[in-house]
Structures are given as C-alpha cells and as structure tokens.
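Participant: Kindly return the folded structure for what I paste below:
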Amino acid sequence: MTQEKGKVYLVGAGPGDVAYLTVKAYNLLAAAQVLIYDALVDAQLLQCVPPDCLQLDVGKRGGKPSTTQAEINKLLVKYCQQGKQVVRLKSGDPLIFGRCTSEIEALKASGCDFELVPGISSALAAPLLAGIPLTDPVLSRTFAVLTAHEPEVLDWEALSRLETLVILMGGQHLPEIVHQLVRHGRSHLTPIAIIRWAGTPRQQIWIGQLGNILEQTTELSISPAVIVIGEVVGLRKYLQPEKIDCQDSTTAQTSSPPVMLSNLFASPQPLTGKTILVTRSVGQAGTFSDRLIALGATVIEMPTLEIGPPSSWEALDDAIAHLSDFDWLILTSTNAIDYFFERLIAQGKDTRALAGIKIAVVGEKTAHCLKQHSLQADFIPPNFVADSLVENFPEDLDGKKVLFPRVESGGREVLVKELTLKGAKVIEVAAYQSCCPSGIPPEAKLALQNRKIDVITFASSKTVQFFCQLTNNIFSSNSDVSQFLESVCIASIGPQTSKTCHFLFGHVDVEAEEYTLDGLTQALITWATNC
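Facilitator: Purely as a prediction, here's the structure:
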C-alpha cells in the first residue's frame, strides 16, 4: 500500500486570540495530525486541533531549556515523512521574525511538501488594538518594524530619524532602546506605548514618554510586548471609544503608575484578566470554556476524566433485554444516557422498548440530552443532585423495580441505599467507566508549573480526585501543592464536589447555587465582581 504523502503547513497564529486567526489557519488546525507550536502561541488555539492530534511545544524561552532550531527542523521532516499533516504554528506571521528560513531549507532538502499560511503580525495588530495608527498624513508618513533582540547590531542613528518605530522583542532591552534613541537625537518628550499580550484578555498598555517610561515600568514584567515610538501614540486618545475613561501618563509631570487597559474596544467583561483551568472530561469542556472566554477569561483546558465503555456490556445488555420488568429508569448523567441508548440500538431496539417505564433524570442538561432521543423525563428533582431524588420522588417506591445504569466504579451509594430503604428493588448496571487521563496537556502543565492559574473549576468529585493524581508529578511535595492551591480560587459545581474539594484541598471559594454549568458560570461572575 502506498503511504499517504505528508505535508507541513507553516502557519501564522496571529496576535493571540482565536478570533484573529485566519479561516484557512483554523481549518488546518482542525485537521492537523501533528501540531508543533511556539511559546507565544495562545493556549486557546491549542483547543482547535482534534483530540488525537500530537502536540509538541518547541517554544524558545529566555533563560530556560528550549528546543534547538536543529531539533525543530528534524521534527518537521520526521512527521512529514511519516505521511502526517503537520501544522507548524508560529505567533503572528511566520515570515516576520519567525525563523522560517531554516525550517523551509530543511524541508526542501528532505523533499518534504510545505505551504506558507500568513497570519496577522502583532507589529500591525497590537498598535491597532491599542488605538494607535501607524500612519498619519502629518505625523507619520512612514514606519519601520524591527526586532530589538540584539540591539547592539541596529543602526540607531538611522532609526532615530524615522517618524514611527514598531519594536518587537524589546521588553528586556527597553533601557537600551531609550538610551540609543535619545543619544541619537530623539526628544525625551517623544511618546511611547508598550502593549503587552496584545489581542488577548490579558492585554495591558503603558503610555508614556522616552523620558519617563523607564520609571513607570521599573520592576514590572512587560514581555512579550510590542513597543510603538512616535507622535502617533498621542492620537490614541482621539481614536478610542468615548466610554473608556483613562488618563495617560504622558500628561504627568512626575512618575506615575502605568496605564494598563484590557480589551480596549469593548466594555470590560467580568472575568477579564482571570486565567481559568477547566477540568471537565475529554470532549465535554468546549461549551463551558466558550462561555468563560466570552466573559473575558483566559481558559486553559485540562481534562481530568476520560469516558469510555465499561469492561463488560453483559449486565446492561441483560437489563435492556428485560426492560418490561422495570417500573423506573434512573439516569443521572448524559454519559449514562449516551451509552444506554447506544446499547439499546445495538440490540435492535428503539425508544418504543421503554413504553410503560417511567424515567427520572438529574439536572436540566441530562433532561435535554434525553429529549434528543425524543423522550420526556417523568421526574426531575428540583435541586439537580442525585441524592435529592429520593426525598422528592413523585410516587411510593415500595415494591417498584428500578434500573440504574451508572459509572462502573459506582459512587451513588447514598442514592441506592435510600431507594432501597423506601422499598425499591434497585438493579445497578455498569453503562460506562471513567478513568484518569494518561497525562496533562502541555499548556496546562506549563501554567501550573509557572503558577499562572487564578481559578480551577470542578464539575464532579472524580475530576477533583483525578486532578490530584495528575498533578502529583508537577509539584515536588504535598506542601507545594497546598501552598499553590491556597492562592487559587477553587470553584465547585455543587455540594458533593465541594465536599471532595474540602477533603483534598482544604477549601472551596465558589460553589454554584444552581448545580449546573450555567450556575457555576454565574457563581464565578459574582466572585470576580466582588473580589
């Protein structure tokens, strides 16, 4: 059999937020078999690839161990020759300070097919998102884009004469940039803007002059940043929406706090500036994450559950073969519904086999999932928790036979016990199993290691337990875990999950009043508003 031909796509990721990704780049990510990405690529973009896509973080980070360019070249060639569709994802545009030449040469030398896909460079996007025009009929008829990664090799005398400068990779060399420009004749009153994390909810902006910007940013982390120098910076106050009220440090006579703005062209969202770790099961985090992102949060997904079929279908298949013997079917999750109906269809049956059986579900989402199978729940407990089902049950359970498809590992002992005490005969069958994933996604691992998480959300006790299991190798000791979690907001979907959080973490900061993802979202909004 002829092996499928591989191809490498050198793709520009744009300035950060997935909203600024090109349609072609998004489609390529959605079909990628291997993703090789840089350090500055936003974590949101990593959620665009298929679940089985191999993700390799090769980002170069100053002062830390990094993948060499030669190793990156070898990876691109290796996976292309294996017939894979490889996306090499670079921040901004791949040919603007992107070191693509070496990678293209390696691909051509090995006979590998490749394609360049443009992206929006932060050199253009960051000033725009800050409300700063790079050209103006009077103030700026030309601009130059440069990297200050090696300031000693630049012709500062020539650069100082240009009306507008856009400087990338200059955060660590800001003192040298200011020194060289002033030394070569640029006025200390020249406006300067520093835009950090442009195009993301973390966007920050410092406005000043060459003469005072160092005082304003001393001991602050301003990387990764785009620096704009020139009179056009002063036009920002005329171009930003009137509803945004801010005072630039350019008007100050003495050192003043830096101006930091997030989402300049939109009303601040309640979760802006918060980095939230979502720990739902594989394939089920998307909608919840989208809600949080829409509210301004930076979301990193760390699946702590993998859902799959049980070790044996025998018990469930036997129960389905004798459905007419049951009075009630209890479904406490969408997973139970999905696998129950999968086996129902596998036996050549459909919803008509449930005629005469009443169905109880827990939670609106579970009820909605049931409706997708053209069935209406006969009973939904008011508090959306399984353990409240018994006390609100609509009829006498004495002598009733109840079918309860559940997770193979159990976990609803209280529910089964209470139903049994009411006189019901409960038949528990394994419909699916949940297990701990084999590892942590690279972006989540990096965020945990660097203590960059503000909130961790948990939607079940299992996600709490498996989170602890997965993070054992990240932290050197239990005390390190406890110390880290003391400063993190622990957000729980309901009482049972909170109980597990208290046992393992010692605290819960947010608990949903309505035990749903919508309820958890609202609880986070309230917390962020009050904190």
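
Participant: Spit out the contact partners of Cys48.
Facilitator: Listed by CB atoms under 8 Å, 6 or more residues apart in numbering, the contact partners of Cys48 are 18, 21, 26, 29-30. Placement of C-beta: from N, CA and C, glycine included.

Participant: Identify those among those residues that sit within helices.
Facilitator: Among these, the ones falling in helices (DSSP state H) are 26, 29-30.

Participant: Drop the exposed ones from those residues and show what's left.
Facilitator: Those of those that meet the buried threshold are Leu29, by 16 or more other CB atoms under 10 Å.

Participant: Pipe the ones in helices among the contacts of Cys48 into JSON lines and attach pLDDT and distance to Glu486 per row.
Facilitator: Written out in JSON lines, the entries for the ones in helices among the contacts of Cys48 read as follows (pLDDT from 0 to 100; distance: CB to CB, whole Å):
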{"residue": "Tyr26", "pLDDT": "90", "distance to Glu486": "39"}
{"residue": "Leu29", "pLDDT": "93", "distance to Glu486": "36"}
{"residue": "Ala30", "pLDDT": "90", "distance to Glu486": "39"}
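
Participant: Go through the contacts of Cys48 and name the one nearest Gly308.
Facilitator: Sorting these by distance to Gly308 puts Ala30 at the head of the list, at 23.5 Å, by CB to CB.

Participant: can you give me phi and psi for the residue nearest to the closest one when sequence neighbours are not counted?
Facilitator: Nearest-residue entry for Ala30: Cys48, 6.0 Å, with adjacent residues in sequence omitted and distances by CB to CB, 6 or more residues apart in numbering. Torsion angles at Cys48 (phi, psi; degrees, to the nearest 10) stand at phi -80, psi -10.

Participant: Retrieve the pLDDT associated with Cys48.
Facilitator: We note a pLDDT of 87 for Cys48 in this prediction.

Participant: do you know how far it is from Thr366?
Facilitator: Remark: distance between Cys48 and Thr366 (CB to CB, to the nearest Å) = 28 Å.

Participant: before we move on, the earlier item: which of the contacts of Cys48 lies at the shortest distance from Phe404?
Facilitator: Phe404 has its nearest neighbour among those in Ala30, at 38.2 Å by CB to CB.

Participant: and the next element down the chain from the worst-scoring helix or strand of the chain on mean pLDDT?
Facilitator: The element with the least model confidence among the helices and strands of the chain, by mean pLDDT, DSSP states H and E, is helix 478-486, at a mean of 73. Moving toward the C-terminus from helix 478-486, the first helix or strand encountered (DSSP states H and E) is strand 489-492.

Participant: Check the offset of the following helix or strand past that following strand from the chain's centre.
Facilitator: From strand 489-492 onward toward the C-terminus, using DSSP H and E, the following helix or strand is helix 495-505. Average the C-alpha atoms of helix 495-505, do the same for its chain, and the two points are 24 Å apart (CA atoms, centre = their mean, to the nearest Å).

Participant: mind listing what Gln372 touches?
Facilitator: Under the criterion of CB under 8 Å, 6+ apart, Gln372 has no contact partners.

Participant: Would you mind measuring from it to Ser289?
Facilitator: Counting by CB to CB, the gap between Gln372 and Ser289 amounts to 21 Å.

Participant: hmm, back to that, list just the nearest of the ones in helices among the contacts of Cys48 to Asn335.
Facilitator: Proximity of the ones in helices among the contacts of Cys48 to Asn335, judged by CB to CB, is greatest for Ala30, which lies at 24.9 Å.

Participant: what residues are up against the closest residue to Phe97 other than its chain neighbours?
Facilitator: Nearest-residue entry for Phe97: Thr147, 5.0 Å, with adjacent residues in sequence omitted and distances by CB to CB, 6+ apart. With contacts taken as CB under 8 Å, 6+ apart, Thr147 has the following neighbours: 97, 167-170.

Participant: what does the strand ranked longest in the chain contact?
Facilitator: Once the chain is assigned using DSSP state E, the strand that runs over the most residues is strand 425-435. Contacts to strand 425-435, defined as CB under 8 Å, 6+ apart, come from residues 281, 305-312, 315-316, 318-319, 326, 335-336, 338-340, 343, 399-410, 416, 419-420, 462.

Participant: Quick check: PyMOL command selecting the buried ones in those.
Facilitator: Here is the PyMOL command that selects the buried residues among the contacts of strand 425-435 (16+ other CB under 10 Å):
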select buried, resi 281+305+307+310+315+316+319+326+335+336+338+339+340+343+400+402+403+404+405+406+407+408+416+419+462
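
Participant: Restricted to strands, list the contacts of strand 425-435.
Facilitator: The strands, defined by DSSP E, take in 306-308, 401-407 from the contacts of strand 425-435.

Participant: How about the helix or strand hosting Ser102, which residues are buried there?
Facilitator: Secondary-structure assignment from DSSP H and E places Ser102 in helix 100-109. Judged by neighbour count using 16+ other CB under 10 Å, the buried positions of helix 100-109 are 100, 103-104, 106-107.

Participant: Quick check: chain neighbours aside, which residue is closest to Trp527?
Facilitator: Setting aside the residues directly before and after it, Trp527 is nearest to Val510 in space (CB to CB, 6+ apart), at 4.8 Å.

Participant: which residues of this structure score low on pLDDT?
Facilitator: 1-3, 60-65, 240-268, 282-286, 383-388, 411, 476-480 (pLDDT under 70).

Participant: can you redo the ones in helices among the contacts of Cys48 as JSON lines with distance to Leu520?
Facilitator: Listed next are the ones in helices among the contacts of Cys48 as JSON lines, based on distance: CB to CB, whole Å:
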{"residue": "Tyr26", "distance to Leu520": "28"}
{"residue": "Leu29", "distance to Leu520": "28"}
{"residue": "Ala30", "distance to Leu520": "28"}
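
Participant: and of the ones in helices among the contacts of Cys48, the nearest to Asn473?
Facilitator: Checking the ones in helices among the contacts of Cys48 against Asn473 by CB to CB gives Leu29 as the nearest, at 28.3 Å.

Participant: Test my guess that that closest one contacts Gln55.
Facilitator: No. Contact between Leu29 and Gln55 fails when scored by CB atoms under 8 Å: they sit 10.8 Å apart.

Participant: what touches both of these two?
Facilitator: Residues touching both Leu29 and Gln55 comprise 35, 49, with contact defined as CB under 8 Å, 6+ apart.

Participant: Tell me which stretches of the stretch 51-200 of the chain form helices.
Facilitator: 69-81, 100-109, 122-129, 156-159, 174-183 (DSSP state H, counting those that start in this stretch).
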